[in-house]
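[1] predicted coordinates and the sequence they were generated for:
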Amino acid sequence: MTLPRLKPGTRLCIATHNAGKLAEFRELFAPFGLELVSAGELSLPEPEETGTTFAENARTKAHAAAKGANMLALSDDSGICVDALNGEPGVYTADWAGVPRDFGRAMKRVEDALQAIGANSPSQRRASFNATLCLAHPDGRDVLYVGRCDGTLVWPPRGDIGHGYDPMFMPDGYDQTFGEMTRETKNNWSPGQQGLSHRARAFAKFIEEQIEHG
């Protein structure tokens, strides 16, 4: 479904209360001159995420923000899916961190689950980061963009630059974890390039279709 293309100066609500995720979006959007404001900054309530897929949860967040702020809203629902754990934690990626969020504990929970099944070799520790972006209009229209990055889980965690499970995820073709990479490397989106991270790859598709190019 087609939505109006975004131009410099367009106000866009980023449907998140997560400071790390918001920082990544601000960096990704920096070249395009949009006015970004987050759901957290607008004091919008966080909707309950009851979906069983990234798409369902992305839609829930985007539409709640679009209606609450009465403006275009962009959400991201993302998570890490571990092959040997039948895709877990998946849409429950944040839930594994508990309340308050403790991703050190969440990473240890993943590692403990892998150790319990004897998953020690790289081939047994395959995982993917997945992101689904949803751009929603206050009138109920929306469009989805999906990105994925495959890699291997390492232990112990390495680096403290990223957020979430970044320190234990090493993307294919690299010898650094996301937690050791600069944001410029992790989010190395550019026109004609798909980017490295799951979010950058979804974002590249979003930019191609939704940003007005001069």
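    Okay, I see it.

[2] only C-alpha atoms for contact and neighbour calcs from this point on.
    Noted.

[3] what mean pLDDT does stretch 164-179 get?
    The predicted model gives stretch 164-179 an average pLDDT of 96.

[4] distance from the chain centre to that stretch, please.
    Centroid separation for stretch 164-179 versus its chain: 14 Å, with CA atoms, centre = their mean, to the nearest Å.

[5] now stretch 141-158
    With CA atoms, centre = their mean, you get 7 Å for stretch 141-158.

[6] identify each buried residue in it, please.
    Residues of stretch 141-158 classed as buried by neighbour count (16 or more other CA atoms under 10 Å): 142-154, 157-158.

[7] let me know the closest of these to residue 102.
    Within these, proximity to residue 102 (CA to CA) peaks at residue 157, which comes in at 13.9 Å.

[8] just checking, the closest one touches residue 164?
    No. With contact defined as CA atoms under 8 Å, residue 157 does not count as touching residue 164 (11.1 Å).

[9] and the next helix or strand past the lengthiest helix in the chain?
    For the chain, the helix with the greatest residue count under DSSP state H is helix 54-69. Of the helices and strands lying after helix 54-69 in sequence (DSSP states H and E), the nearest is strand 73-82.

[10] quick one, helices of the protein?
    Using DSSP H, the helices found in the chain span residues 19-29, 54-69, 103-116, 183-186, 198-210.

[11] got a list of contacts for the third one?
    Translated: helix 103-116. Applying CA atoms under 8 Å, 6 or more residues apart in numbering, the contact partners of helix 103-116 are 84, 85, 96, 97, 98, 120, 125, 155, 164, 165, 168.

[12] cool, the shortest one as well?
    Contacts with helix 183-186, where a contact means CA under 8 Å, 6+ apart, come from 24, 161, 162, 178, 195, 196, 197, 200.

[13] Serialize those residues to JSON lines and add fields for neighbour count and distance to residue 68.
    Formatted as JSON lines, the contacts of helix 183-186 follow (neighbours: other CA atoms under 10 Å; distance: CA to CA, whole Å):
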{"residue": "24", "neighbour count": "18", "distance to residue 68": "23"}
{"residue": "161", "neighbour count": "14", "distance to residue 68": "32"}
{"residue": "162", "neighbour count": "19", "distance to residue 68": "29"}
{"residue": "178", "neighbour count": "28", "distance to residue 68": "33"}
{"residue": "195", "neighbour count": "21", "distance to residue 68": "31"}
{"residue": "196", "neighbour count": "21", "distance to residue 68": "32"}
{"residue": "197", "neighbour count": "24", "distance to residue 68": "29"}
{"residue": "200", "neighbour count": "26", "distance to residue 68": "26"}
